[in-house]
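A.B. asks: Next come a sequence and a model predicted from it.
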Amino acid sequence: MNQARVQEPESRQSFGTQPENTPPRHSEHEEDNDHGHVLNWLEVARVVFVVAAAGAMWFLGRSTDPYIIAMGVICAVIGGFPIFHEAYENIAQRRMTMELSMAIAIVAALAIRELFTALVITLFVLVAEILEGLTVGRGRKAIQHLVDLLPSVATVRRSGSWTEVRIGDVSMDDEVLVRPGARIPVDGKVVGGHSFVDQAPITGESMPVEKQPGAIVYAGTINQSGALEVRVERLGRETTFGKIIEVVETAEKSRAPIQGIADRLAGYLVYFALGAAVLTFLLSRDIRATISVVIVAGACGIAAGTPLAILGSIGRAAQQGAIIKGGLYLEKLGEIDTVLLDKTGTLTYGTPELIDVHPAPGNSATVLLRTAAIAESRSEHPIAKAILRKAAQLGIPYEDPGVFEYTPGKGIVASSRGQEIVVGNQHFLIERRVQVSQDNGSMLSSEIFVAGGGKFLGTLQIADTLRPEAKDAVTSLKSMRLRTVLLTGDARSVAEDVGEKLGVDEIVSDLLPEGKLQYVKRLTEKGHKVAMVGDGVNDAPALMQASVGVAMGSGTDVARESADVVLIGSDLSKLVETLQTARRCRRTILQNFVGTLVVDSIGVGLAAFGFLNPLLAAFIHVSSEMAFILNSARLLPPVSSANQFVREILWQSPSATNDGKAVSVERA
C-alpha cells in the first residue's frame, strides 16, 4: 500500500572511517522513521485495538445508540490514523493514491453507519501494510548483513603495544593485529606473522591461501590459523567490501522507466475506481454498492510490487555474481536480443599459458623447459611468467642466469655454467647462427624457440586459454534465443578457432576499438537491444554505446567504469544467470500489471451490480494486493545465510587474480 517505502529504501548504517566534521549519511530521525522493515509494538497494538473494536461492533450489531455509534467512529479514526494521515499528505501533494481511496471508503462506510465494515476495512489495510513492510524488509536486510560482517573494533599497534580501538579510529598505515579465527577489518599488506586466510568471499578460492609478509589481505576475509600483522592500505568504504555496498545501495534506489509507468497506472486506476463509484451511485442510488466499488479497485500490487521486484532482482543478481548499477539497466537487460562478446580477457583469461612442449630430436622436454626457464627467470614478460609457472608446476628446478640480455621484439640471450642460452622467435635464433631444424608453428599460438650451447633444443607453444565456463555460457545464451557475436581485434584465423569451439552465431575479427563501436552502432540503429561484454580499454567505447555494457570483474578500470553491469570474478555463467533474473523480473512485473487490471475490472463490475458487499470487496482488494506483492517478493534473495550472501556478492580485488588488476565499479 505504501509504495514510498519501497521506492526509496533507506541506506544502511555507514561504516568505516569518517572525518569528524562530516555528517552521517542519514540522520537518526530518518533511521527512526524507517520502520518499513520493523514490526514495532505500536503497529501491533493498533491492529489489536481495531480487532477488539470490530469484535465489539459485531457483538452489538446494528445499534442505533448514538454513544455506541460515536465510539465506533472514534475507534475507526484512531485505528485508521496512519491511513488518514497519509491520505491527507497525498491531498496536500495533489497525488492520487490507494490510501486516499481507502480513506474515502472508510469515511463513506462510517457515514452510512456501517461501523463494523469500516473497522474491518481499516484492519485489512493495516495488516496489509505490515505484511508489505516485512516483505520489503527482506530486501533491505541484505546490505545490513554485509555491514554486520565487518568487525566493529580492531587491535592496533599504538606506542609499541597492541590496543583495541573502534574501527572508525583506525588510520592509514596503522598496523592491525588479526588473531586466528577473526575477520580481517581492512585491506592491507601483511608485515608480520604467518597464517592461512579463507578469502573465498573475494577470490572464490575454495582452499585457504597462505599469507606471509608482503602478501595482500582483504576486509571481510577470515584469518584461520596464525596471527597476522597487517599494515592498513584501505579503510571503510574504500575497501573492496565498502565499494560493493555503495554500489548496491545506489542501484537499489534507482528507478527504472517501468517503475514510473507503474506509478502512473496506479493513479489512473484510482481515478477509474472513483469514476466508476460515481457512475454506480448515479445509476443505482445504492450507497453500499458505491462503497464496494471504491474499496475493491486496488493498484497497490503494481505500485508496491514493481519497485519490490526491481529491488529483489538487483539483490539477487548481486548474490549470483553480478553488480547491476541501476534499475534502468536491469530493465534493459530483460529486453536484450543480442550479446556481443570480446575475446581476450572475456572468453579467454587474457594471460598466456604454456600449452605444449616440442623438444627437438634427441632432447627431452625437461631439459628444454629448464633451459627456457633459466633464460626467462629475470624477465617480466607475460610469456616468461607462463614458462616459469609451468616449470614450477612440474617441479623442474632452474637457476638464475649469469648473463641476461633482452632484445625487445626478438628474445633473450643468457648464460648458465658457461653455456649460452638463446630464447626467442625463429629469426632471432637464426641471427645467432643456430640451426633451426624444427617448425611446429601455429597461427593459433605463439611459438618460442629455445637453443642451448649453440644447439637447437625445441619449441614451446604459448597461447591464451578459454575460460572453462565460456562454452556452456554461450550455449545457455543461445538457448535463451539470444544471438551471440564474437568481436575481437585478433586475426581471422584465431577468432574462427575460438568462435568454432564456442559455437557463436557470428564472428567479427580484425577490429580496432572504433570498429567495435561502429558495429554496436549499426545494430542499435537497426533496433536491436545489445549487450556488449568486454574487459579492456579498447572495449570501453562499445560498452558505452551498447544498450547494456557488461564488464568483467578482472578487467581494466576504464571498462568497469564504462559498464552498466560488472561480473563478479569474471565468471561468464554469471552473465547467463543475470539475464535470466532480468527476464524473470520483467515477467513478474507484467504479471502484476495484467493481474491487477483483470482483478480490478471484474471486481468493479461485480461491485457495481451489487454482487459484492463492502466486506467482500475489502477482502478481494487486500488479497489481490498481497498476492502481487508476494509474487514480486519471490525475486528477493534469501538472507538466511549472511556469510553465503557475502561470499557470492563480493567481487575480486587487487592481486586476487594472477594479473593483479583491481576491481572497482564506482562510476567516475
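C.D. replies: Received the coordinates, thanks.

A.B. asks: Report the distance from the helix or strand hosting Ile589 to the chain centre.
C.D. replies: Using DSSP states H and E, Ile589 sits within helix 572-608. Distance of helix 572-608 from the chain centroid (CA atoms, centre = their mean, to the nearest Å) equals 22 Å.

A.B. asks: Next: stretch 290-300.
C.D. replies: Using CA atoms, centre = their mean, the offset of stretch 290-300 from its chain centre is 38 Å.

A.B. asks: Begin at 691, not 1, for the rest of this chat.
C.D. replies: With 691 as the first residue, the last one maps to stretch 980-990.

A.B. asks: Make sure Gly1142 is actually in contact with Arg1107.
C.D. replies: No. Look at Gly1142 against Arg1107 with CB atoms under 8 Å: they stay out of range, at 10.3 Å. (C-beta placed from N, C-alpha, C; glycine too.)

A.B. asks: Compare the two and say which one has the larger neighbour count.
C.D. replies: Higher neighbour count among Gly1142 and Arg1107: Gly1142, with 24 against 9, using other CB atoms under 10 Å.

A.B. asks: burial measure for the nearest residue to the more buried one once chain neighbours are set aside, as a count.
C.D. replies: Residue nearest to Gly1142 in three dimensions, not counting chain neighbours: Thr1061, with 4.7 Å by CB to CB, 6 or more residues apart in numbering. A count of neighbours around Thr1061, defined by other CB under 10 Å, yields 24.

A.B. asks: what do you get for Ala744?
C.D. replies: Ala744: 23 neighbours (other CB under 10 Å).

A.B. asks: and if you look at Val1188?
C.D. replies: Applying other CB under 10 Å, I find that Val1188 has 23 neighbouring residues.

A.B. asks: any idea which helix or strand carries it?
C.D. replies: With DSSP H and E as the test, Val1188 turns up in helix 1182-1192.

A.B. asks: Provide a list of residues in contact with Glu1043.
C.D. replies: Ala1076, Arg1079, Lys1080, Ile1152, Ala1153, Asp1154, Thr1155 (CB atoms under 8 Å, 6 or more residues apart in numbering).

A.B. asks: Remind me what the helix or strand the first one falls within packs against, helices and strands.
C.D. replies: Going back to what we said before, that points to Ala1076. In this structure, Ala1076 sits in helix 1072-1083 according to DSSP H and E. Applying 3 or more CB pairs under 8 Å, 6 or more residues apart in numbering; DSSP states H and E, one finds that helix 1072-1083 makes contact with strand 1038-1049, helix 1055-1066, strand 1136-1142, strand 1145-1156.

A.B. asks: Recalculate using a threshold of 10 Å.
C.D. replies: For helix 1072-1083, the packing partners by 3 or more CB pairs under 10 Å, 6 or more residues apart in numbering; DSSP states H and E come out as strand 1038-1049, helix 1055-1066, strand 1109-1114, strand 1136-1142, strand 1145-1156.

A.B. asks: Of all the residues in it, which ones are buried?
C.D. replies: Neighbour counts over helix 1072-1083 (16 or more other CB atoms under 10 Å) mark Ile1073, Ala1074, Lys1075, Ala1076, Ile1077, Leu1078, Arg1079, Lys1080, Ala1081 as buried.

A.B. asks: could you give me the average pLDDT of that helix?
C.D. replies: Helix 1072-1083 shows an average pLDDT of 88 in the prediction.

A.B. asks: could I get the helices and strands packed on helix 1072-1083 as TSV with distance to Ala1007 and mean pLDDT?
C.D. replies: Listed next are the helices and strands packed on helix 1072-1083 as TSV, based on distance: least, CB to CB, whole Å; pLDDT from 0 to 100:
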stretch	distance to Ala1007	mean pLDDT
strand 1038-1049	24	83
helix 1055-1066	42	93
strand 1109-1114	46	92
strand 1136-1142	37	87
strand 1145-1156	25	86
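
A.B. asks: Now render those as CSV, adding distance to Ala1308.
C.D. replies: What follows is these, written out as CSV (distance: least, CB to CB, whole Å):
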stretch, distance to Ala1308
strand 1038-1049, 60
helix 1055-1066, 78
strand 1109-1114, 83
strand 1136-1142, 74
strand 1145-1156, 60
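
A.B. asks: so which of the ones you listed gets nearest Gly1243?
C.D. replies: strand 1038-1049 (12.4 Å; CB to CB).

A.B. asks: Please identify which helix or strand holds Thr1214.
C.D. replies: Counting by DSSP H and E, Thr1214 is found in helix 1203-1215.
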